[in-house]
Each structure stands twice: as structure tokens, then as C-alpha cells.
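Chemist: Show me the folded form of this:
(chains A and B)
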Amino acid sequence: MGLLQAKSDALAARLAGRTLGQGGWLVAVQAAALDRLRPMGLPGKRDEYWRYTDPTSLTAVEPPKADLFDTKGEARPFSAIDRLKLVFVDGVFDSVQSDPLALDGVEITPLADAAGTEGHWAAGLYGMLEACGQSPVERPLAALNTALATQGMMIRVTGRPSKPISMIYLCTSDTSDAILHHCVKLAPGAELTLLENGPAAARLNKVLEVDVGEGARLHHVRTQGRDHQRRAATHIFGSIAAGALFKSFTLTANGRLTRNEAVLELLGDDAVAHVAGATVGDGEFHHDDTVFITHAGQRCESRQVFKKVLKNGAVGVFQGKILVKPGAQKTDGYQISQSLLLDEDSQFLAKPELEIYADDVKCSHGSTSGAIDETALYYLRSRGVPLKAAQSLLVLAFLAEAIDEIEDEAIADDIRDRLEGWLQRHEH
Amino acid sequence: MAAVEMEVRDGVDRETIETVQAMSGSYKHGWSTDIEMDFAPKGISEDIVRLISQKNNEPQWMLDWRLAAYRRWIKMEEPRWAMLNYPAIDYQDQYYYAKPKSMVEKPKSLDEVDPKLLATYEKLGIPLKEQMILAGVELPEGERRVAVDAVFDSVSLGTTFKAELQKAGVIFCSISEAVREHPELVQKYLGSVVPQSDNFFATLNSAVFSDGSFVYIPKGTRCPMELSTYFRINAENTGQFERTLIIADEGSYVSYLEGCTAPKRDSHQLHAAVVELVILKDAEIKYSTVQNWYPGDENGKGGIYNFVTKRADCRGERAKVMWTQVETGSAITWKYPSCILRGDASQGEFYSIAIANNAQQADTGTKMVHLGKRTKSRIVSKGISAGRAQNTYRGLVSMHPKAVDSRNYTQCDSLLIGDKCGAHTVPYIEVKNNSSRVEHEATTSKVDEDQLFYCRSRGMDEEEAVALVVNGFCKEVLQALPMEFAMEAQSLVAISLEGSVG
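Modeler: Below is the predicted model of the structure:
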């Protein structure tokens, strides 16, 4: 009982002094989220689900201070790509720095505006997938987000827009505490590329709910800000209809603490979901990828590809699960989590799970951990490649399988360039 | 060499099929022995713990140890994290001690044992009497003999080959006897691998364990024969809580076999055992289990609840342990034989076949805790689910910062037969140094249609074909078993899957 008490005390402290209720339909939706959240309380480090990551700094009343990071004039990610820019400063939408909210085949509305519109489509999505994602595992930080969010973008795609939508999260305060909640709905046959980059805040709690309609395609690529001391807990809740596709890739470099959860359900037949991540961490760095993919339809395909390069005491965590429901025959599920530990101090902790209730399935997972292959290194050096270049080459090769999940070549190249830059800066 | 191997395999496969045919029906060990029993009153309390201790003529230190465990246990909560679904167990509705009346005055030798009891073991195919084994001396050269300790409900009936083992310096006796005869060894090692506080079921066992086997292999000794314990639960509503302690002193070797059966009963029966293995420098223990407790009927009525804590502690350099298990019985299996690889260059291996059919549920796996340098571990787990059964592999591989240059390889494969069962994999992988390599692979699939079709085209019926394919799927584990056990295990695989097709 003591444990439960501590969790609900943490929640009470977090909610103290908050004024709830945004107006419109959102009031009821957020009240419902709070009702979901109260019996859960906030997560504690004794929870099995937080076995490898200590949530204390994510649940604390005040975010720990995070020094701002000087990018030294380095170009931001995706800057060479033609895109519609939506800029958030410390978690607050900045319409001045953003492009006009107009793009062919897309309707973009800030959360506050959508909340004030009677019968807005987002009323049927906001918090819905998050609520479904609370079982069988509770995700209190996501419910907290739904209950408290005032910022976010409601994006409905009905066609195939000519360029990607890009969310840029700037951080200007070392004590900022941001809560962002986006909803993306793709009508049948629609297609969108969604880009995200930047640290957003000293502490970020972000939820992205995506509803991918029949035959629609959503490509999601994000890079998480390089600020060394930032902390983030993000959730993607996805519902993927028949014949639809959802691909998500995340590049994480640095950050004190990152917990990225993806909760995806393949509802219709022949749906596809790929989640990939490339992580590079040096020093005080804790990165956690937690993925839960449910196969409900037949002949669906899911892939989880996570690669982590860790040094100087960095910690990488992977908790992945494939759940195949009864009747989800011909499922093809694949999961790989690998880490490359560049020195003695780093750690890799993994829990790759399968839970299968259908017999005609092909599911596999693999997980490995180890140092750079000495033989490969020796070979490269014997061909005249200097040691550091050879190491970088092998690290990039190790990460390649994750980056290959990005379909758009220009975006994939941008990611590769950033990785190379990081490796050069973090050579020993 | 290859030709000989093929022949053996052919023969074995034929045997499997013959066994399937011979056993048309169900659980073959489901009969019970009608024998007068001496029960302790139902339920658990300090008095029951005292009574068990008194019945075993135990010294004060043993009683104190039990009481400490009991006092701890009443404050503990039953773990519920496993993927097992069963109604709450009423711990007061069990007998914690049952002993055949004829054993109240302990017989001096096996000759004095109630013939009914001996007949029970004979029926199970366990030749208890040394004479019977010795009568078969004209067996071919090199035929292995097996010393047996038979445990019936709560007491050990007797141990065979004692004299011969004694000559080699090997101590093989029941644990209650060891408490009296070898207190220095028991006091030193009991609870040193699985402490009283370890987990709910181990603590319960520490309080009420009634019997079990004790083995000590002295320095530099290769145990002259395989040792075996045969556990039989007979009485109704009786829990069996055996405790096994095996100590392999420096440079010694022993292979130990364990078999279990129980009669068909409509109510669930509780079994919570603890096995502790202590392996010192350069020693090796092979521990093989064929667990065939009564699994309950097709509808999940009856069957054993099997909650077992097994752990091996490789304390010295180059110590080696090998767990091999074939889990075909029990309504509920909760079992994770583990290896603590403490000594440098020590090795742990775990080979497992878990078959769950009808309403059975199994949550089983292993833990490999790498603490020493250059330690190695290997896990091969084969899970087979049929009927409405749920089968979970749960395992931990942990590389500690100081366990440099260590290695782990894990393979867990699941096979599903039918669309109403489930197969689950829950591995935990924790790597805290970079010179160690950890590899984990898992696959889940169904019985290969092409292989089935091929077997059918050669005239096998569907059930035979499935049994053959499944035996092939399990081959890597079956090969790790001692020969006699491998044969039995193969037949068991086939029998366990009866009724899973069509």
C-alpha cells in the first residue's frame, strides 16, 4: 500500500495549483483523463514497467534545471528540405516564426482553437488512443499529458500534400517544462511525412496520437535535441487500419534522460508498422525505447529496429513487445535490438517480449550486445583506414539497418550527416 | 560414427511411435497406491513446522531454521507476475506432511519396506532394489547403473547402492538423514544458494520441507554412477515440499537425474521444491529433470501446481553446471533453474523442453548471472503449446561490470499447435561491460506444413507425424539428456501431445 500511496502523493503534488479545463469539448475529455490517471498515480522506480529507467525526474513537481546547448551555428536538422514549419518555443506554439497553417490536402489547427470549435474532428481522437493504450500496461505520464495539455497541433490529412510538415521545438529556458499533445488523422488513401526536431524544453512530456485510415501512409522522422541535460518522455499511440502503413524513425543524440514509447495497434488486415531508432550516447545519458505492437488484423507486418551506440557510462534500454491476438493469422513480426558498447562503462538493458495467441505466425526477435568487432577494425586498418575513421565507419554500418527504415532518401542522408558529425565530435 | 548415430535415432523414433500407440489414452502414471498414511493435521502453523521437525528427529538448529523461515513466510505475498492464471491457493487446505504408516518405524533396509510401496515404484519403471538391478548384470559392458533415492509423499523410502557409493566417498542419502548424520555439511550449505528469504515458495519450502535428497561428492571424485531421485505424490490434498542439496567439491563430477509423477486427482495439489547446487573449483554437476506430474484433465480439472526454485552456484574457477529439463506435466509450472557464475571461467548451461497441452500453463526459463571473468552460458529453450495451453519462456541474462570477456548465447523457440494456445517469450538482458558478448534469438512458428505432409506421405497418421516433427524440434535438448532419460523424454513428448491434433 505504501507504494501506491507514494504514487498518488506524487500525482497530487504534480497537480497542485494547476487550473484544469480548457473550454469546449476538451474540458470533459481532460476530466476523463484525470479520472483514468488518479487510480494509477505517477510511475515509481519500483514499477516493473520502469525497471530500467528511473522516472523520478520525469514525475517531479519541478523539472531539473537543464543548461542550454550551444549548437555553434550548426544547421538544424532537415533545413535543406522543403517543408511546412511549425515552431514551438519552450512548448508554446509561435505563429510568428511558423509558416502559415496552410498546405494542400491538410487541415492544421492548434489545440486551443480546435477545443473552442464545436464538433471539431479532433474531439473524436484526442485522448482516445491514449486511453486504449493504458491496457494491459498503465502509462500514467501519457494520461497526465492528455489531462494537462494546452499546446499541440491537430492535423487532418485528406490528400497527399506536396511537402512534409515539420515541427521545430526550440528551447530558450533552462527550467522550461513543456507538455505537447498532437493528433494526426489520415483519411483513407492519404499520405503525409511528419518531421520533428529540437529539445522543446528542459523537460518535455509529449504525446502523439495517430489514426492512419485504410490504405493511408504516414512517415514519421524525428531527431531529439542534442541538449545534454534535457529530459523527455514521449508517447506515440497509433491505430493502423487495413492496408495502411506507419513508419517511425527516431534519432537520439545526447540528453540526460529520454523515454520514447510507441504503442501501435494493427487493426485492419495487411497493415504495416515499422518503428526504428538510432541512438548515440556519450557520458551521462540514459535512453529508453519502449515499444508495444499489437497485431489484431491478419497478414500484418511489424518491424522494430533499435540500435544504440554507447560510451562513457551511457545507458541504453530497450523494452519491446509484440502481441499477436487470437485470429491475427499470417502475422509477420520482427524485432531487433542491438547495442555497441564503445567502452567498459556503458550498459545495455533489454527486455524483448513476444506474446502470441495465433498459430500461423512468423515472429522473431534478436538482441545482441558487444564491442566493436576487432577483426573488422583490423581489416579496415590493414587497408590503410586510420583508426578513428575505421571506428566511425563501423559505427555507421552498425546503425545503418535502423536508418534504412527511412524511405525518403534526402531525409535519410540528412540523418546520416548528423550522425557522422556527432561521431567526429565525440571521438576519443 | 555417423551411421551408428543414425541407427540410434531411427530406433528411438520408432520407439516414440510405438509408445504413442501403446498409450492410446492419457496420463500413464495416473493410478494411485492404496496405502495407509500417517498425516499431520491439515494446514500450516508453527506447530506443524515443529511437528515436521520432530517427525524427522531433527536437531534444534534445524527447527530454528525452519521457524525463522515460517515467520518470514507469513509476512510474504504470493508472487503473481508470471503469466499464469489460477485460483487463489488456500494454504490452510493442504496437508504438509504425509507418511506411509509402514514407514513410521523407519525400515533398516529396503527389504523391510512395505512391498506395496516398492510395487508402486516398480510400476513406474523404477527398479528400487539393488538386487533387481544387479540381477541384470549380464547387461553389456559399460551399461550405466543408477543409484535411486525414492521419495513418496513426504518421506524418502530408501536409497540404493549406498555401500558402493560410500566406498567412493560419495554421500547420497535423504536430506533428513543428512541433517542427522552430516550436520556440518548441511549447516554449511543449506540455504547458502537459495536463502530462506529468497521468494515466497522457497521460504514456504524452507519452513515445511519434509524430505529430499542430499549428495556430497568429495574432492577429485567422479561419482561412479548416475544418481537419481524419484518423486511421487500419492496422498490426496498433500503438498510435496522436497529439498535437494548437492555439493560437488573441488574437481568432482556427478550426473543427477530427477523424475516426478503423481496420481490423477480432481483437486489441485501443491508442489514447492527447492534445489540447491554448490559447485566448487573445477567441479561439474549435470542435473536432468523429467517432470511429469499429473497435468490435470482436458478441462483443467486437477493437476499439480508446481512452484520450484532451483539454483546452482558455481563458486570456484572453471566450475560447470548443466540443467536439462523436460517439463511435460503439471497444471501450473513456475520454475526457473538458475546459474550464478561466480568463479572465473565458470560455465552454465540450460536446456529445456516445456510442453503444455490442454489447459496446462507453464512459465519457465532460467537466469544466468555472470559475476566472474570469462564466464560462459548457453540457453536453449523449446516451448511447445497445444490445446488451450499457455507457455511462457522467462529468462534473465545478466553480465556484471566485472564479468569481463564473458559470453552468452540464448535461443528460445516456440512451436504452436492449434489456434487456441499461446506462446510467449519474456527475456531480460542486462549487459554492464563491453568485452562480453550477448546474443539472444527467439522464434515462434507453427508445425511446418511441408514436414507434416512429407511424414503423412510416408504413411504416418497425423498424430505420429506431429510427434515426429516435434521431436525433431526438440532434438538439441533431448541430446543433452543422459541416454535412458532421452528415450523416456521422447516418448513423453509424443504422449503429452496426444489429442492436440484434429
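Chemist: Could you tell me the phi and psi values at the closest residue to chain B within chain A?
Modeler: At 3.3 Å from chain B, A:Leu341 is the closest residue in chain A, using Cβ to the nearest Cβ. (Glycine included, C-beta is placed from N, CA and C.) Backbone torsions for A:Leu341, taken as degrees, to the nearest 10, come to phi -100, psi 120.
Chemist: partners of the spatially most central residue of chain B in the sheet?
Modeler: Compute the mean C-alpha point of chain B, and by Cα atoms, centre = their mean the closest residue is B:Thr289, 3.9 Å away. Residues in a beta bridge with B:Thr289, per DSSP bridges, are B:Glu258, B:Gln325.
Chemist: next one: A:Val92
Modeler: Note on A:Val92: beta-bridge partners by DSSP bridges are A:Val89.
Chemist: Now do it against A:Gly41, distance only.
Modeler: 28 Å (Cβ to Cβ, to the nearest Å).
Chemist: between the two, who's got more neighbours?
Modeler: A:Gly41 (22 against 14; other Cβ atoms under 10 Å in any protein chain shown).
Chemist: Counting neighbours, what do you get for the closest residue to that one other than its chain neighbours?
Modeler: Distances taken as Cβ to Cβ, 6 or more residues apart in numbering or on different chains place A:Lys7 nearest to A:Gly41, at 2.8 Å, with adjacent residues excluded. Neighbour count of A:Lys7, defined by other Cβ under 10 Å: 20.
Chemist: Mind listing the strands the helix or strand hosting A:Asn260 pairs with, and their directions?
Modeler: Element membership of A:Asn260, judged by DSSP states H and E, is strand A:257-266. Here strand A:257-266 has these sheet partners by DSSP bridges: strand A:231-240 (parallel), strand A:286-295 (parallel).
Chemist: quick one: the first one to chain centroid distance?
Modeler: What it means is strand A:231-240. Computed by Cα atoms, centre = their mean, to the nearest Å, the chain-centroid distance of strand A:231-240 equals 5 Å.
Chemist: Could you check the pLDDT of A:Thr193?
Modeler: In this prediction, A:Thr193 carries a pLDDT score of 98.
Chemist: so what's it bridging to?
Modeler: A:His219.
Chemist: Give me the average confidence score over the strand holding A:Asn260.
Modeler: In this model, strand A:257-266 carries a mean pLDDT of 97.
Chemist: Stretch A:196-204 too?
Modeler: Per-residue scores along stretch A:196-204 average to 95.
Chemist: Tell me the predicted confidence for the residue nearest to B:Thr364 when sequence neighbours are not counted.
Modeler: Among residues not flanking B:Thr364 along the chain, B:Lys335 sits closest, at 4.7 Å (Cβ to Cβ, 6+ apart). With respect to pLDDT, B:Lys335 has a value of 94.
Chemist: picking that back up, and whatever helix or strand the residue nearest to A:Gly41 lives in, which residues are buried?
Modeler: Counting by DSSP H and E, the element that carries A:Lys7 is helix A:2-15. Of all the residues in helix A:2-15, those buried under the rule 16 or more other Cβ atoms under 10 Å in any protein chain shown are A:7-8, A:10-11, A:14-15.
Chemist: Let me see the contact set for the residue positioned nearest the centre of chain A.
Modeler: Centroid check for chain A by Cα atoms, centre = their mean gives A:Asn260 as the closest residue, at 4.4 Å. Contact analysis of A:Asn260 by Cβ atoms under 8 Å, 6 or more residues apart in numbering or on different chains lists A:224, A:232, A:234, A:236, A:250, A:252, A:277, A:287-290.
Chemist: now for those, which pair is the farthest apart?
Modeler: A:Ile236 and A:His287 (15.8 Å; Cβ to Cβ).
Chemist: Tell me who's in contact with the closest residue to chain A within the stretch 201-350 of chain B.
Modeler: Nearest residue of the stretch 201-350 of chain B to chain A: B:Tyr336, at 15.4 Å (Cβ to the nearest Cβ). By Cβ under 8 Å, 6+ apart, the residues touching B:Tyr336 are B:309-310, B:364-367, B:394-395.
Chemist: ok, so what distance separates the closest residue to B:Met76 other than its chain neighbours from chain A?
Modeler: In space, and not counting its chain neighbours, B:Met76 is closest to B:Phe200: 4.9 Å by Cβ to Cβ, 6+ apart. Using Cβ to the nearest Cβ, to the nearest Å, B:Phe200 is found at 17 Å from chain A.
Chemist: any idea which helix or strand comes after the helix holding A:Lys7?
Modeler: helix A:26-40.
Chemist: which residues sit against that next one?
Modeler: The contact list for helix A:26-40, computed with Cβ under 8 Å, 6+ apart, reads A:7-8, A:11, A:15, A:20-22, A:111, A:115, A:123, A:126-127, A:130-131, A:134, A:138, A:140, A:143-144, A:146-149.
Chemist: Settle it for me: which of A:Ile236 and A:His287 has more neighbours?
Modeler: Between A:Ile236 and A:His287, counted using other Cβ under 10 Å, the more crowded position is A:His287 (29 against 26).
Chemist: OK, contacts around residue 280?
Modeler: Going with chain A. The contact partners of A:Val280, taken as Cβ under 8 Å, 6+ apart, are A:252-254, A:308-310, A:395, A:399, A:419, A:422-423, A:426.
Chemist: Sorry, I should have been clearer: chain B.
Modeler: B:247-250, B:252, B:315-316, B:319.
Chemist: The same query, at a cut-off of 6 Å, please.
Modeler: B:Leu280 makes contact with B:249-250, B:315-316, according to Cβ atoms under 6 Å, 6 or more residues apart in numbering or on different chains.
Chemist: one step back: now do the helix holding A:Lys7 against helix A:26-40: the angle between them, please.
Modeler: 150 degrees (axes from the mean of the first three to the mean of the last three Cα atoms, to 10 degrees).
Chemist: Distance from helix A:2-15 to the middle of the chain?
Modeler: Using Cα atoms, centre = their mean, the offset of helix A:2-15 from its chain centre is 26 Å.
Chemist: now do stretch B:47-64
Modeler: Taking mean C-alpha positions (Cα atoms, centre = their mean), stretch B:47-64 and its chain are 26 Å apart.
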